[in-house]
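below are the sequence and a predicted model for it; my questions follow.
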Amino acid sequence: MNQARLFLHLHSAELSTQLLCAEQAKGFVLCQSELSQPWVEQLQASQADLALIEYHQAEAEQYQLLQQTELLSSTEFIFVSQGVPDPALDQLMRKGACYHFRQPLDLPVLLDVLQDFKQQFSSAAVKPKPLCSELDQFGLLVGSSPQMLQLYRTLRKVAPSKSNVLIIGESGAGKELVANTLHLASAQAHQPFVAINCGALSPELVDSELFGHVKGSFTGALRDHQGVFAQAKGGTLFLDEITEMPLEQQVKLLRVLETGEYRPVGSNKTELAEVRVVAATNRDPQQAIADGMFREDLYFRLAQFPLQVPSLRQRQGDIAGLARHFLAYCNSREQQHKALSTQAEQAILRYDWPGNVRELKHAIERAFILADNELKTEHLFPAAVAAGATVPELPVMPLEQLEKVAILAALERNQGNKTDTAQQLGISIKTLYNKLEKYQQAS
């Protein structure tokens, strides 16, 4: 069996020496670039299976050239950078499922990834297309905690398959980013990725949104309409908040998954459902089944590969790093040099973040606007500070009460706009109304 080829473009002599001496690199045919020559041309000539690139902003034209080649779809990539936000590198992460390790580099983790690739190349007939501060990155996901590194490895393994995937995780944990990264890591990355929030659809229009309709099929159908199954043809269809879909439509979706066919509303023609279905829920699927919200047979059809996304509370090693990561991007976008105060960083670590990564990101962006040169605790938690509460005590309450606090705070930030509030919280309008009604009845 032919050995896999590893292309190295490294500016650091120390890193180059460490890799060349590593046992994990010995299973590859190694090709080192000439630093004085454009590395993209060398990579094309090397016909490498995997490329390890030490990112330098001075080589920006090379990264632009890379996007114009077929290399992103034919070669696996690992980038190593200093962590300075850079639009060119961000664009590469969106174009393909690449690993991105930031300095200071955790060499054992990098070597583990090399070992994974080596086993993949030696045992798999079909290899997946890879994608896409101090935190490591895989595709659109950022984090260096053991939970996230395990998630990256799992995504790489399931991406080449055609199995349906059910992503389970709390609101704000990044389920759509996981789905998008799964798509970018698959062989269908060049095909459409279409996302639809099942909880935001009116029951009258679910069939039309899923399967499309023909002109004149019902009142208001003034023209033919493509449903999401047609829009995502050849690619990935992401069904978010699947447990919020009405049971009647769950039956129809199950039939499509079983037969691979569907019929647009008002049409006599049957269409093929040529998509990979990835669904997500912020509920416990078994509890949703017990509550009569989720059909058990649809669950088993969708959950050919269930995937659990860790909450931010379970990613303790990532919380401060994510805060600095979001702040770095704010600074880069606004050409500022703002920093987190020591007290603010400690408050971030003490807080429970019921809204997960989304809440942390919004908190940093809001604090960035409020702060002059330094982000302080009062910028991150203005409502709590104004009320005289201590940030460390905010999480010490029942989970249901924390959810209520998060919802009411988001509603206040959006000046009562329920649509924006539901979108920020990652829940449907229907779910938001139900919870607000419940709070009103309890008061």
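Arrived safely.

for the protein, give me the ranges with low pLDDT.
By pLDDT under 70, the weakly predicted segments of the chain are 1-2, 97, 122-132, 383-399, 401-402, 414-415, 426, 441-443.

excluding covalently adjacent residues, which one is nearest to the spatially most central residue of the chain?
For the chain, the residue sitting closest to the mean C-alpha position, by Cα atoms, centre = their mean, is residue 177 at 1.7 Å. Excluding the flanking residues, the one nearest residue 177 by Cβ to Cβ, 6 or more residues apart in numbering is residue 140, at 4.6 Å. Using the backbone N, CA and C atoms, a C-beta is placed for each residue, glycine as well.

how far away is the one you found from residue 244?
Separation of residue 140 from residue 244 (Cβ to Cβ, to the nearest Å): 24 Å.

what do you get for residue 203?
Taken as Cβ to Cβ, the span from residue 203 to residue 244 is 11 Å.

among these two, which residue is more densely surrounded?
Applying other Cβ atoms under 10 Å to residue 203 and residue 244 shows that residue 244 carries more neighbours, namely 22 against 11.

need the contact list for the residue nearest to the centre of the chain.
139, 140, 141 (Cβ atoms under 8 Å, 6 or more residues apart in numbering).

who wins for neighbours among these?
residue 139 (28 neighbours).

ok, it touching residue 98?
Yes - the criterion here is Cβ atoms under 8 Å, and residue 139 meets it with residue 98 at 7.3 Å.

and after the helix or strand encompassing the residue nearest to the centre of the chain, which helix or strand comes next?
Assigned by DSSP states H and E, residue 177 belongs to helix 175-184. The first helix or strand that comes after helix 175-184 along the chain, using DSSP H and E, is strand 193-197.

in CSV, list the C-alpha atoms belonging to that next one.
Output in CSV follows, covering the C-alpha atoms of strand 193-197 (Å, rounded to 0.1, in the frame of the first residue of the first chain):
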residue,chain,number,x,y,z
PHE,A,193,-25.9,23.6,2.8
VAL,A,194,-29.5,24.6,3.6
ALA,A,195,-30.7,25.3,7.1
ILE,A,196,-34.3,25.6,8.3
ASN,A,197,-35.7,26.2,11.8
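
for residue 280, give the beta-bridge partners.
With DSSP bridges as the criterion, residue 280 is bridged to residue 167.

OK, contacts around it?
166-169, 175-176, 178-179, 238-242 are the contacts of residue 280 under Cβ under 8 Å, 6+ apart.

redo those residues as TSV? Include distance to residue 72 and neighbour count.
What follows is the contacts of residue 280, written out as TSV (distance: Cβ to Cβ, whole Å; neighbours: other Cβ atoms under 10 Å):
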residue	distance to residue 72	neighbour count
166	28	23
167	24	27
168	30	18
169	28	19
175	25	25
176	22	18
178	20	24
179	20	26
238	21	28
239	27	23
240	27	22
241	31	24
242	31	27
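
what's the closest of those residues to residue 156?
residue 178 (12.5 Å; Cβ to Cβ).

now do the contacts for the closest one.
141, 151, 155, 167, 169, 280, 307, 309.

what pairs with the helix or strand hosting residue 53, parallel or antiparallel?
According to DSSP H and E, residue 53 maps onto strand 50-54. Neighbouring strands of strand 50-54 in its sheet, by DSSP bridges, are strand 4-9 (parallel), strand 76-81 (parallel).
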